[in-house]
Structure formats: C-alpha cells, structure tokens
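[1] below are the sequence and a predicted model; questions follow.
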Amino acid sequence: MIGMLINGVPGHPVETLTLENIQMELPGGGSAEAAKVQLSEQEKAYPEHNMFGKTLPAYGIYARHVRGLKLRNVRTSLLKEDARPATVFIDVEDVTPADFAAESSNPK
C-alpha cells in the first residue's frame, strides 16, 4: 500500500523536484492506525521502496526532507476506502501542490 515515497535525510533534502502528468490508481484499504505511523529515519539504509514497511501513513504521496516540490496535474484515485490522508509532508519546504487532486474514495 505504497503510493509515492519521496524521502531525503535530515540536512540533505531531495531538491527541486517536479512531478507532472501522473495518475495513480491505488488499492486503498489503509487503516486509521496506519495513518498514525511515524517512519523512522534510516539514513544509512539503501533507498528501497519497501524500507519503511508495506504501508505508509499516506495513501498517495509521503514526502519528507524535500525542498522545492512542484506538483502539476497529479491525481490519485482509490479502489476502496482508505482512512489515511492523500498526502503527508514532513520537513518539506517550498511545495506547490496547487495542481494535486485526490478523488474521494469511491470503490469501483
């Protein structure tokens, strides 16, 4: 249940990133407990998509330690209800989420 993970490390953020024309259809099904999870810093680990487990606290985009993030025509939709928020931004500076849309949970 990982949508998109953008994760720098303290003092070394991911910088100047533009995401454009992205449509993510995600499985959903995340719980309220999953929304409360706080991911540990793993500065020495090799960056793998599953290094924080199989579920993130956001169903769409989890971004941490990022500077200069632009979202243009980025959309998410869910196959089933999800109790987690669409996005979680932690230590994110200069984010432009003006063109991000999370469709309400409408199971197909």
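    Arrived safely. The structure presented is a predicted model; accordingly, all values stated were derived computationally and were not measured.
[2] can you pull the phi/psi pair for the residue at minimal distance from the centre of the chain?
    Closest to where the C-alpha atoms of the chain average out (C-alpha atoms, centre = their mean) is residue 61, at 1.7 Å. Backbone torsions of residue 61, given as degrees, to the nearest 10, read phi -130, psi 120.
[3] pLDDT score assigned to it?
    Note for residue 61: predicted pLDDT of 93.
[4] do the same with residue 54
    pLDDT, residue 54: 77.
[5] could you report the neighbour count for it?
    Neighbourhood size, residue 54 [other C-beta atoms under 10 Å]: 9. Backbone N, C-alpha and C define where each C-beta goes, glycine included.
[6] sec struct for the nearest residue to residue 7 once chain neighbours are set aside, please.
    Among residues not flanking residue 7 along the chain, residue 64 sits closest, at 5.1 Å (C-beta to C-beta, 6 or more residues apart in numbering). Put simply, residue 64 is strand when judged by DSSP: H, G, I helix; E, B strand; the rest coil.
[7] can you map out the strands along the chain?
    4-7, 14-26, 61-78, 87-96, 100-102 (DSSP state E).
[8] only the buried residues of the last one, if you could.
    In terms of neighbour count (16 or more other C-beta atoms under 10 Å), strand 100-102 has its buried residues at 100, 102.
[9] so the residue nearest to residue 7 sits against residue 9, correct?
    No. The pair residue 64 / residue 9 is not scored as a contact, 9.1 Å apart, by C-beta atoms under 8 Å.
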